[in-house]
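S.K.: What follows is a predicted protein model with its sequence.
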Amino acid sequence: MKLLSLWTYIMTMLLRLSLITLCIYVLSSWLVHADVWFIEAEGFEEKRSILATNQKGVNVQWSIKEDDKKALGKKYLTVEGANRNNCEACAPLFYPISNIRQAGLYKLWSRCIMPTTASDSFFWRISNDGGKAFTPPAAAHGGDLWEKWHWKRPWEGIQLKKGKANILLIAERENRTKLDAYCLRNDGKTPTDEEAAAWFKENRRRVRSVEAQQKLTLIWGQIRQL
């Protein structure tokens with residue numbers, strides 16, 4: 001009986017150890033592969049983006065507004081003159097994705113206001129080669145209407161490569177859609193305002209740290225030349 005009890009005890013402990021190991025593996029895999037990226041709508045690349053255009057009699061104009069304190073960073077984007085039948089995605093905004101650690105499928109979220117059935121969509125496209133080629137324009141529909149800032153959808157099936165060659169392109173589709181920020185993520189979670197604010201704060205700190213280091217390196221190089 002004692003031998004049987006000892007055997008039962010050993011098997012029970014081994015089973016518990018196996019379960020703990022499995023949990024640690026799953027958790028560590030999630031932590032390693034979870035990749036989240038935010039960008040404020042007004043943070044587009046100015047060099048390649050087209051804020052205003054007139055094509056086929058359609059006059060499209062993106063505007064940065066500062067009249068809503070509830071927008072992240074107190075700024076947001078809106079568009080006038082959109083006509084998807086005559087000018088499909090003809091005023092694109094380019095958002096280089098800083099760094100993707102894990103290649104694979106991502107979901108796109110947008111913090112936006114879509115107030116009417118004629119103001120509830122925009123186009124998005126993705127490039128994996130630095131902007132040489134993009135996926136066809138995909139319509140991001142709101143699906144319902146709201147007057148307050150809200151993280152919407154997600155839009156799925158976005159393939160991203162590891163590294164810095166990915167670009168998100170946002171273009172007009174309907175007038176007066178308000179866009180505040182975007183989020184690309186592969187962890188299945190819904191973004192929150194608190195998460196976005198913390199992400200922006202941390203990444204601005206990193207940028208300042210890199211800039212300070214570059215400045216220090218430059219000064220040190222100048223001193224060594226004296």
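M.R.: Arrived safely, thanks for sending. Numbers count the residues shown, from 1 in each chain.

S.K.: Report the beta-bridge partners for the residue nearest the centre of the chain.
M.R.: For the chain, the residue nearest the mean C-alpha position is residue 183 (2.7 Å; Cα atoms, centre = their mean). With DSSP bridges as the criterion, residue 183 is bridged to residue 38, residue 109.

S.K.: From residue 116, how far off is it?
M.R.: Distance, residue 183 to residue 116, using Cβ to Cβ, to the nearest Å: 24 Å. The way it works is simple: take the backbone N, C-alpha and C, and place the C-beta from them, glycine included.

S.K.: ok, now residue 81?
M.R.: For residue 81, the distance to residue 116 under the criterion Cβ to Cβ works out to 16 Å.

S.K.: of the two, who's got more company?
M.R.: A count of neighbours by other Cβ atoms under 10 Å puts residue 81 above the other of residue 81 and residue 116, at 16 against 13.

S.K.: which residues does that one contact?
M.R.: Listed by Cβ atoms under 8 Å, 6 or more residues apart in numbering, the contact set of residue 81 reads 58, 59, 60, 61, 172, 175.

S.K.: go again using 6 Å as the cut-off
M.R.: 59, 60, 61 (Cβ atoms under 6 Å, 6 or more residues apart in numbering).

S.K.: So which of those residues sit within strands?
M.R.: Counting by DSSP state E, the part of the contacts of residue 81 found in strands is 59, 60, 61.

S.K.: pLDDT score assigned to the first one?
M.R.: Read that as residue 59. You'll see residue 59 listed with a pLDDT of 86.

S.K.: Surely residue 90 and residue 55 touch.
M.R.: Yes: the criterion here is Cβ atoms under 6 Å, and residue 90 meets it with residue 55 at 5.1 Å.

S.K.: Could you grab the helix/strand/coil label for residue 195?
M.R.: Three-state call for residue 195 (DSSP: H, G, I helix; E, B strand; the rest coil): helix.

S.K.: To what extent is it buried, counted in neighbours?
M.R.: Neighbourhood size, residue 195 [other Cβ under 10 Å]: 16.

S.K.: Ok, the one 3 residues further on next?
M.R.: By the criterion of other Cβ under 10 Å, residue 198 has 12 neighbours.
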